[in-house]
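S.K.: starting from these lines, generate the structure:
(6 chains)
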6 protein chains.
Amino acid sequence: MPHIQITMLEGRTPEQKRKVAERITELMIEEIGTTREAVTVAFVEVSPASFARAGVLILDRQKT
Amino acid sequence: MPHIQITMLEGRTPEQKRKVAERITELMIEEIGTTREAVTVAFVEVSPASFARAGVLILDRQKT
Amino acid sequence: MPHIQITMLEGRTPEQKRKVAERITELMIEEIGTTREAVTVAFVEVSPASFARAGVLILDRQKT
Amino acid sequence: MPHIQITMLEGRTPEQKRKVAERITELMIEEIGTTREAVTVAFVEVSPASFARAGVLILDRQKT
Amino acid sequence: MPHIQITMLEGRTPEQKRKVAERITELMIEEIGTTREAVTVAFVEVSPASFARAGVLILDRQKT
Amino acid sequence: MPHIQITMLEGRTPEQKRKVAERITELMIEEIGTTREAVTVAFVEVSPASFARAGVLILDRQKT
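M.R.: Residues are numbered from 1 along each chain as shown, chains lettered A, B, ... in the order given. The predicted model follows:
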């Protein structure tokens, strides 16, 4: 019953998210021994003004 | 001080969320013994391209 | 496919969590129109030194 | 490696989020002894219909 | 800057988590185009009394 | 009504968490214009085997 929340920058295509969800589900089955049905994945997508690393918003990092 | 994060598909009405927030708050008071003021509920709503179960996006599940 | 994360103070019994999980699942089915199988609930339990409201740890609130 | 998720009402400006991200990163370095690079901050912003306290949506609280 | 939170049942070995973290990081780089340094993974591990699917705690599911 | 979840390595003292909770609450009031009562902070603490950056567990990073 793993639930995986992926917080990332908005703008990825459905195809990209489809691949990520498929591959994470596969690897959880292989490495953790869970069943396929039990794996849920949610993408929480935020804007460049809503994510920071090292104290700097992505918005500002992209300007430089 | 329970905080409840509900990650779900977008598209529910304010009335639906109102009922969910009311009922979860009531049951937390009854079962857990917390005070009403201490209960917070956040709905994190994602698109059908951003939620997967069993490795399949809701987007793709709806097509079949 | 709602996933519900409940962050709360540690120390609740399995019976309390059983009741909360049952009741939240029921109300999500009734209010949101999801299927039973799709609802997952996780309790993330933290110590009194790891939860604060209004800037005060529960640990310190209990002392007064 | 602290990751800080801030769930809050939508509508804050980039400047407000910039200041919050900067100040949280600084205080984590000072109080917790982490490195600047290791701190990530994500703002998960929800509408007034998607946040409740004491069983009442912000949407309804603002009406009164 | 994706942050991945994996909520799962406790009891997995460091070796299992090492493999999961490595493989998720690799696939995020390949599918999403992020840098290795930007990917963080946190395992939030809960007891069988603290995870439910379809309204039933894992604790109770294991009894049957 | 901001809720702040801080996912970090276990082992910090109550005094460290007290200071972090106080300072985050203050800065949220100053920068975001929320009320003190509305701010909640939860520390979700994980072991060195349960947090990775750049694909490497903290556990393994500390060995080198």
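S.K.: contacts and neighbour counts: CA atoms only from here.
M.R.: Fine.
S.K.: in which helix or strand does the closest residue to residue A:55 other than its chain neighbours reside?
M.R.: In this structure, residue A:55 finds its nearest non-sequential neighbour in residue D:22, 4.5 Å apart by CA to CA, 6 or more residues apart in numbering or on different chains. Following DSSP states H and E, one finds residue D:22 within helix D:14-32.
S.K.: any idea how far residue D:3 is from the closest residue to residue A:21 other than its chain neighbours?
M.R.: Counting by CA to CA, 6+ apart, residue A:21 lies nearest to residue B:55, which is 5.4 Å off, once chain neighbours are set aside. Separation of residue B:55 from residue D:3 (CA to CA, to the nearest Å): 26 Å.
S.K.: swap in residue A:14?
M.R.: Computed as CA to CA, the residue A:14 to residue D:3 distance reads 26 Å.
S.K.: looking at these two, which one has more neighbours?
M.R.: A direct count of neighbours by other CA atoms under 10 Å in any protein chain shown for residue A:14 and residue D:3 places residue D:3 higher, at 24 against 15.
S.K.: give me every residue in chain A lying close to chain E.
M.R.: Chain A has residues A:1-9, A:12, A:16, A:19-20, A:23-24, A:27-28, A:31-32, A:51, A:53 near chain E, with proximity defined as CA under 8 Å from any CA of the partner chain.
S.K.: filter those residues down to the buried ones, ChimeraX style.
M.R.: The ChimeraX command for the buried members of the residues of chain A next to chain E (criterion: 16 or more other CA atoms under 10 Å in any protein chain shown) is given here:
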select /A:1,2,3,4,5,6,7,8,9,16,19,20,23,24,27,28,31,32,51,53
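S.K.: so which of the residues of chain A next to chain E are also by chain D?
M.R.: For chain D, the contacts drawn from the residues of chain A next to chain E by CA under 8 Å from any CA are A:7, A:51, A:53.
S.K.: now those residues in a markdown table, with pLDDT?
M.R.: Shown next, in a markdown table, are these (pLDDT from 0 to 100):
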| residue | pLDDT |
| --- | --- |
| A:7 | 98 |
| A:51 | 98 |
| A:53 | 97 |
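S.K.: for chain A, what lies in contact range of chain B?
M.R.: Residues of chain A lying close to chain B (CA under 8 Å from any CA) are A:14, A:17-18, A:21-26, A:36-44.
S.K.: repeat that for 7 Å
M.R.: When proximity is defined as CA under 7 Å from any CA of the partner chain, chain A approaches chain B at A:14, A:17-18, A:21-22, A:25, A:36-44.
S.K.: quick one, what contacts residue A:46?
M.R.: Taking CA atoms under 7 Å, 6 or more residues apart in numbering or on different chains, we find residue A:46 in contact with A:8-10, D:44.
S.K.: relative to chain E, which of those residues is nearest.
M.R.: residue A:8 (4.4 Å; CA to the nearest CA).
S.K.: ok, and the closest non-adjacent residue to that closest one?
M.R.: Nearest non-adjacent residue to residue A:8 (CA to CA, 6+ apart): residue E:2, at 4.4 Å.
S.K.: mind listing what the one you found touches?
M.R.: By CA under 7 Å, 6+ apart, residue E:2 lies in contact with A:6-8, E:38-40.
S.K.: which one of the residues you listed sits closest to chain F?
M.R.: Out of the contacts of residue E:2, the member with the shortest distance to chain F (by CA to the nearest CA) is residue E:40, at 4.5 Å.
S.K.: what about stretch A:39-47, average pLDDT?
M.R.: Averaging pLDDT along stretch A:39-47 gives 98.
S.K.: ok now that stretch, how far from the chain's centre?
M.R.: Remark: stretch A:39-47 is offset 5 Å from the chain centroid, using CA atoms, centre = their mean, to the nearest Å.
S.K.: let's see it as CSV, backbone CA atoms only.
M.R.: Extracted C-alpha coordinates of stretch A:39-47, given in CSV (Å, rounded to 0.1, in the frame of the first residue of the first chain):
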residue,chain,number,x,y,z
VAL,A,39,0.5,1.4,-5.5
THR,A,40,-0.9,4.9,-5.9
VAL,A,41,1.0,7.9,-7.3
ALA,A,42,-0.1,11.6,-7.1
PHE,A,43,1.7,14.4,-8.8
VAL,A,44,1.4,17.7,-6.9
GLU,A,45,2.5,20.3,-9.4
VAL,A,46,3.6,23.8,-8.3
SER,A,47,4.6,26.9,-10.2
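S.K.: and the residue of chain A that's closest to chain F?
M.R.: For chain A, CA to the nearest CA, closest residue to chain F: residue A:53, 12.6 Å.
S.K.: for that residue, list each beta-bridge partner.
M.R.: Residue A:53 forms beta bridges with residue A:56, residue D:40, as assigned by DSSP bridges.
S.K.: next up, the contacts around it.
M.R.: Residues counted as contacts of residue A:53 (CA under 7 Å, 6+ apart) are D:37, D:39-41.
S.K.: related to what we said a few turns ago, which ones are touching the residue nearest to residue A:21?
M.R.: By CA under 7 Å, 6+ apart, the contact set of residue B:55 is A:21-22, A:25.
S.K.: can we see that at 8 Å?
M.R.: Residue B:55 sits next to A:21-26, A:36, A:39-41 when contact means CA atoms under 8 Å, 6 or more residues apart in numbering or on different chains.
S.K.: now distance to residue E:61 too, for those, in CSV please.
M.R.: CSV is the format used below for those (distance: CA to CA, whole Å):
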residue, distance to residue E:61
A:21, 26
A:22, 26
A:23, 27
A:24, 25
A:25, 22
A:26, 23
A:36, 17
A:39, 17
A:40, 19
A:41, 22
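S.K.: out of those residues, who's nearest residue F:60?
M.R.: residue A:24 (22.2 Å; CA to CA).
S.K.: wait, that closest one touches residue E:26, no?
M.R.: No: between residue A:24 and residue E:26 there is no contact, the gap being 10.6 Å when judged by CA atoms under 8 Å.
S.K.: which stretches of chain A have low pLDDT?
M.R.: Applying pLDDT under 70 to chain A picks out residues A:62-64.
S.K.: what do you get if the cut-off is 90, keeping everything else the same?
M.R.: Counting by pLDDT under 90, chain A contains low-confidence residues at A:1, A:62-64.
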